[in-house]
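> heads up, no residue letters with this:
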């Protein structure tokens with residue numbers, strides 16, 4: 001309650017939405033709830049990328065004093081999560097706030113004076129800087145005077161001022177919303193255009209700690225988190241809000257990526273498929289699913305959610321493999337049943353029971369095998385199914401061979417040896433088929449590992465760049481403020497900023513960030529290798545079981 005919000009398409013940036021937040025007036029005498037005003041002020045700061053404070057008349061000492069809420073922000077907003085009572089009692093440096101606070105715009109309405117200081121014309125921004133000028137001295141009066149001014153200077157990364165004359169004069173002010181633009185003061189219209197243009201062009205996409213951009217869904221989650229925290233009596237914490245949002249987004253990212261992988265595999269699959277074709281399909285779906293996850297996920301520092309996705313894809317991959325194998329088996333059985341129908345009919349008629357029957361049987365079987373081998377789209381189990389088929393026909397062939405009175409004992413012995421050779425050759429073909437199949441799965445695992453590494457590296461580079469920009473933004477702000485302090489003679493205050501500035505320079509050091517990225521990559525690589533090893537071991541186990549069954553047979 002107390003903040004109105006509406007959304008409009010951004011007039012200059014495609015695929016962006018401009019969210020306008022309008023707060024109720026602060027310091028309302030009738031309401032007399034200063035605490036509520038403080039929370040509304042804090043929420044507006046937390047949710048905006050450009051914060052517009054408007055006042056009437058001039059920016060004088062009274063107007064600055066009325067903005068006392070800014071001096072209470074450190075009590076209303078925390079940047080880092082605290083883990084102990086000692087940490088809670090420590091006051092956070094303003095450098096932490098300037099990273100994440102919005103740009104500050106002071107809009108002065110119904111301005112009737114000349115824009116001048118000591119008789120010299122000045123710009124809007126110079127007028128604001130003059131109003132925020134610090135008073136020298138360490139006494140209580142000077143400290144109280146400087147407090148709100150220091151907070152504005154230190155907390156907000158940039159400051160801008162716009163001065164608006166009265167839009168109309170007299171009683172027309174009461175019907176201003178219905179007046180045509182021609183009836184408004186040209187100076188007011190000109191300043192309004194300048195103001196809108198600044199907001200459109202200078203307001204950046206709202207980011208959170210770590211430089212992550214927000215979309216509408218994430219903005220809603222952030223607002224809800226802050227409001228629920230305030231209602232509970234706690235102090236909103238940027239780090240906690242990010243962690244809470246990251247948990248929601250990362251869980252959703254895993255679900256969205258998994259759903260895409262599975263639906264894409266179902267859409268593209270036409271079982272049975274050959275190993276290479278299946279591998280290409282899986283690789284494409286996995287790559288696109290990873291892209292979806294990377295685009296939505298953030299702050300997955302321990303790789304928990306990426307590992308969940310990897311494990312889910314691996315499990316789903318093996319389920320699709322099994323479906324492909326089963327389809328291959330069923331397809332091959334159907335082909336063999338159709339091709340062997342004539343032989344089965346001949347067997348029933350006793351066609352092979354006459355002298356010379358074995359030669360007829362062998363010729364028909366060779367035709368069957370040749371026809372089977374020439375059939376396309378049999379899948380990854382073709383040779384195994386054919387091997388089993390011939391193995392099952394072994395007794396049948398032996399019976400026909402031994403019953404053939406046209407053959408001598410030596411002929412039968414030679415034919416039996418050839419039968420064993422044929423079966424051995426087919427068994428080798430089945431084993432080779434299995435080896436190629438397993439080898440393709442290992443290649444899939446390696447490609448998966450590489451794809452994860454490539455996409456993680458790209459994401460890390462983007463995150464490193466965001467962290468760098470975040471620090472550079474704060475550094476530029478501090479350097480500008482330090483220069484202004486030195487120019488105004490506040491040498492001691494400028495000197496105290498040196499430690500903050502040096503800390504930011506170190507943070508921007510690319511080597512430090514690069515080392516972090518390398519470490520992150522190594523940890524991910526280790527996780528990927530572990531997952532691949534587990535899957536590899538399962539494949540080896542399956543192959544050993546198959547070989548054991550073959551030996552038993």
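Ah, there it is. These numbers come from a predicted model, not from an experiment. Numbering: from 1, shown residues only.
> Residue 157 belongs to a strand, doesn't it?
No: membership of residue 157 in a strand is not supported by DSSP: H, G, I helix; E, B strand; the rest coil, which gives coil.
> Was I right to think it contacts residue 473?
Yes: counting by C-beta atoms under 8 Å, residue 473 is a contact partner of residue 157 at 5.7 Å. For every residue, glycine as well, the C-beta is placed using N, CA and C.
> Which residues are in contact with each of the two?
Taking C-beta atoms under 8 Å, 6 or more residues apart in numbering as the criterion, residue 157 and residue 473 both touch residue 98.
> Now residue 195. Nearest residue, chain neighbours left out?
Closest residue to residue 195 apart from its sequence neighbours, by C-beta to C-beta, 6 or more residues apart in numbering: residue 162 at 4.7 Å.
> What distance do you get for the one you found to residue 350?
Separation of residue 162 from residue 350 (C-beta to C-beta, to the nearest Å): 105 Å.
> repeat for residue 369
Using C-beta to C-beta, residue 369 is found at 23 Å from residue 350.
> the more surrounded of those two?
residue 369 (17 against 9; other C-beta atoms under 10 Å).
> Which other helices and strands does the host helix or strand of the more buried one contact?
Using DSSP states H and E, residue 369 maps to helix 357-374. Judged by 3 or more C-beta pairs under 8 Å, 6 or more residues apart in numbering; DSSP states H and E, the packing partners of helix 357-374 are helix 304-339, helix 341-349, helix 382-392, helix 394-403.
> is it possible to export those helices to CSV including mean neighbour count, distance to residue 204 and mean pLDDT?
Converted to CSV, the helices and strands packed on helix 357-374 look like this (neighbours: other C-beta atoms under 10 Å; distance: least, C-beta to C-beta, whole Å; pLDDT from 0 to 100):
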stretch, mean neighbour count, distance to residue 204, mean pLDDT
helix 304-339, 18, 27, 97
helix 341-349, 12, 73, 96
helix 382-392, 20, 59, 97
helix 394-403, 15, 76, 96
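> can I get those helices in TSV with distance to residue 202?
Output for those, formatted as TSV (distance: least, C-beta to C-beta, whole Å):
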stretch	distance to residue 202
helix 304-339	35
helix 341-349	80
helix 382-392	66
helix 394-403	83
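> now for those, which one comes closest to residue 190?
Residue 190 lies closest, by C-beta to C-beta, to one member of the helices and strands packed on helix 357-374: helix 304-339, at 51.2 Å.
> Who are the packing partners of that closest one?
So helix 304-339, by 3+ C-beta pairs under 8 Å, 6+ apart, packs with helix 238-268, helix 275-296, helix 357-374, helix 382-392, helix 409-487, helix 510-552.
> What is the three-state secondary structure of residue 300?
Applying three-state DSSP: residue 300 is coil.
> wait, what's in contact with it?
Residues in contact with residue 300 (C-beta under 8 Å, 6+ apart) are 246, 250, 306.
> Quick check: the first one touching residue 298?
Put plainly, it is residue 246. Yes: contact criterion C-beta under 8 Å: residue 246 and residue 298 qualify, at 5.8 Å.
> Give the buried residues for the helix or strand harbouring residue 152.
Under the criterion of DSSP H and E, residue 152 resides in helix 140-155. Within helix 140-155, the residues scored as buried using 16 or more other C-beta atoms under 10 Å are 145, 146, 148, 149, 150, 151, 152, 153, 154, 155.
> do stretch 188-205 as well
Residues 188, 191, 192, 195, 199, 203 are the ones in stretch 188-205 that count as buried (16+ other C-beta under 10 Å).
> could you redo those as CSV and give each row secondary structure?
Listed next are the buried residues of stretch 188-205 as CSV, based on three-state DSSP:
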residue, secondary structure
188, helix
191, helix
192, helix
195, helix
199, helix
203, coil
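> tell me which of the residues you listed is nearest to residue 427?
Ranked by distance to residue 427 (C-beta to C-beta), these are led by residue 203 at 71.9 Å.
> The residue nearest to that closest one when sequence neighbours are not counted: neighbouring residues, count only.
For residue 203, ignoring the flanking residues on the chain, the nearest one in space by C-beta to C-beta, 6+ apart is residue 50 at 4.2 Å. Neighbourhood size, residue 50 [other C-beta under 10 Å]: 16.
> Then residue 131?
When neighbours are defined as other C-beta under 10 Å, residue 131 has 19 of them.
> which non-adjacent residue is nearest it?
Residue 131 sits nearest to residue 59 (C-beta to C-beta, 6+ apart), 4.0 Å away.
> Just to check, that neighbour is in contact with residue 109?
No: applying C-beta under 8 Å, one finds residue 59 not in contact with residue 109, separated by 11.2 Å.
> Let me know the pLDDT of residue 255.
With respect to pLDDT, residue 255 has a value of 97.
> which residues does it contact?
Contacts for residue 255 (C-beta under 8 Å, 6+ apart) come out as none.
> ok, now how distant is it from residue 315?
14 Å.
> Please identify which of the helices and strands packed on helix 357-374 is closest to residue 362.
helix 394-403 (7.7 Å).
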